[in-house]
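Novice: Quick one: sequence and predicted model below, then my questions.
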Amino acid sequence: MAVPDDDPSAIPNEVRLFRRISPAMIVYDGNQDRWRATSQNFQDSKDGTPMSVFAENIADEHGELPAHFLLGRWSDWGLAAVVAGHMRELGQRVYPDPHNQDAEDRFESHSAVAGNKKAQNIRKRMSDRAELIIVPKLQS
């Protein structure tokens, strides 16, 4: 199946993309004096589908709040925000993808970030620009 094209009309460059962050994949960065998501959080799904995110502009249209993305089985996870334009600068395609998600965990704002994430430290560069807006519950 062909991957959809980048869609900057649906998700403009200035839009924040929310990404769920695993509690096992954060570190405290003493240089920046903050918790940050590691690059492991920024990869495609194990099933080969592109990296899932939630587009803030579409979420706003549908009354979806960042905290909604962390309900149920995701309650221990955190949330990072990256800007769509930064993803595109890294050679990624950003587009709405509301149909590629679990039936019990559906959001109209579900979107995808497709492209090679292994070349040129792409995931590290995503991680460096990500703002951790909800810190995951730390594992004991």
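Specialist: Noted; the coordinates are in hand.

Novice: Tell me where the model's unsure across the chain.
Specialist: For the chain, the stretches flagged by pLDDT under 70 are 1-3, 139-140.

Novice: which residue is nearest the middle of it?
Specialist: residue 19 (2.5 Å; CA atoms, centre = their mean).

Novice: you'd agree that one is in a strand?
Specialist: Yes: assignment of residue 19 by DSSP: H, G, I helix; E, B strand; the rest coil places it within a strand.

Novice: Assess the claim that it and residue 84 are in contact.
Specialist: No: Residue 19 is not in contact with residue 84 according to CB atoms under 8 Å; the separation is 11.8 Å. C-betas here are computed from N, CA, C, even on glycine.

Novice: and residue 104, what does it touch?
Specialist: Residues counted as contacts of residue 104 (CB atoms under 8 Å, 6 or more residues apart in numbering) are residue 72.

Novice: How is it classified with respect to secondary structure?
Specialist: Per three-state DSSP, residue 104 ends up coil.

Novice: what separates it from residue 137, distance-wise?
Specialist: In this structure, residue 104 and residue 137 are 21 Å apart, going by CB to CB, to the nearest Å.

Novice: now do residue 125
Specialist: 27 Å.

Novice: For these two, indicate the residue with more neighbours.
Specialist: Taking neighbours as other CB atoms under 10 Å, residue 125 and residue 137 compare with residue 125 leading, 17 against 12.

Novice: In three-state terms, how would that one be classified?
Specialist: helix.

Novice: Break down the chain into its helices, ranges please.
Specialist: 56-61, 84-89, 122-129 (DSSP state H).

Novice: can you tell which of those helices is closest to residue 26?
Specialist: Among those, helix 122-129 comes nearest to residue 26, with 10.2 Å by CB to CB.

Novice: Buried residues, that closest one. List them.
Specialist: 122, 123, 125, 126, 127, 129 (16 or more other CB atoms under 10 Å).

Novice: got a list of what the second one touches?
Specialist: When you say that, I think you mean residue 123. Here residue 123 is in contact with 39, 40, 42, 43, 117 (CB under 8 Å, 6+ apart).

Novice: What about these, which one has the most neighbours?
Specialist: residue 42 (27 neighbours).
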